[in-house]
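Student: coordinates only, sequence not included:
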């Protein structure tokens, strides 16, 4: 019994596309947003640059300033997810656990900008970890592998007519 690869290939495409449609849609949309995160404040607040290049700020001073921002809901270090110090840009970014970001002047500790940061949430959607660790490895990874097979079989389907023409041309040249 001869295997009809074209039929198998089309069935792989048909069912593979159905199986991975939703996870791939989530990955595509979130990927586009992540690619554009520096372009849209809605995704990630722009980094405010200052002329400050040296700082005498102590951690306790940074925490005291962060506590003054109501939206961030910071009362202790446990409420802070990340502290991003960028001396070359003259800014300190404080990211609260609730995704609010506070940007401080590197030298003075003055609040430069306060905004909600969505890029980490979008990234967790992108890799599937937002849903559950099982979704990341049990749904998004298989969808990525299926997409790889769809790409391989799609390239085969794309090249098939050219391969067939080449085969016909070679058989005619031998005559």
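Tutor: Happy to help now that I have it. Because the structure is predicted, anything quoted here is derived from the model rather than measured.

Student: from the middle of its chain, how far away would the helix or strand bottoming out on mean pLDDT in the chain be?
Tutor: One helix or strand of the chain scores below all others by mean pLDDT, DSSP states H and E: helix 141-174, with a mean of 83. Remark: helix 141-174 is offset 31 Å from the chain centroid, using Cα atoms, centre = their mean, to the nearest Å.

Student: ok, now stretch 13-32?
Tutor: With Cα atoms, centre = their mean, you get 15 Å for stretch 13-32.

Student: Any buried residues in that stretch, and which?
Tutor: Buried residues in stretch 13-32, counted by 16 or more other Cβ atoms under 10 Å: 16, 19-20, 23-24, 26-27, 30. All C-beta spots, glycine's among them, are computed from the backbone N, C-alpha and C.

Student: Run through who's touching that stretch.
Tutor: When contacts are defined by Cβ atoms under 8 Å, 6 or more residues apart in numbering, stretch 13-32 is touched by residues 122-123, 125-126, 128, 139-140, 142-144, 146-147, 149-150, 153-154, 157.

Student: Quick one: list the elements packing against the least confident helix or strand of the chain.
Tutor: Using 3 or more Cβ pairs under 8 Å, 6 or more residues apart in numbering; DSSP states H and E as the contact test, the elements touching helix 141-174 are helix 5-35.

Student: still on that earlier bit, restricted to buried residues, select the contacts of stretch 13-32 in PyMOL.
Tutor: The PyMOL selection below is limited to those of these classed as buried (16+ other Cβ under 10 Å):
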select buried, resi 122+123+125+126+128+139+140+143+146+147+150+153+154
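
Student: Make TSV out of the buried residues of stretch 13-32 and add distance to residue 52 and pLDDT.
Tutor: Shown next, in TSV, are the buried residues of stretch 13-32 (distance: Cβ to Cβ, whole Å; pLDDT from 0 to 100):
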residue	distance to residue 52	pLDDT
16	54	79
19	53	80
20	48	80
23	44	86
24	44	86
26	40	90
27	39	89
30	34	94
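
Student: Find the nearest non-adjacent residue to the residue most central in space within the chain, please.
Tutor: In the chain, the C-alpha nearest the mean C-alpha coordinate belongs to residue 123, at 4.1 Å (Cα atoms, centre = their mean). Distances taken as Cβ to Cβ, 6 or more residues apart in numbering put residue 34 closest to residue 123, at 6.3 Å, once the chain neighbours are dropped.

Student: do residue 129 as well
Tutor: Setting aside the residues directly before and after it, residue 129 is nearest to residue 136 in space (Cβ to Cβ, 6+ apart), at 4.9 Å.
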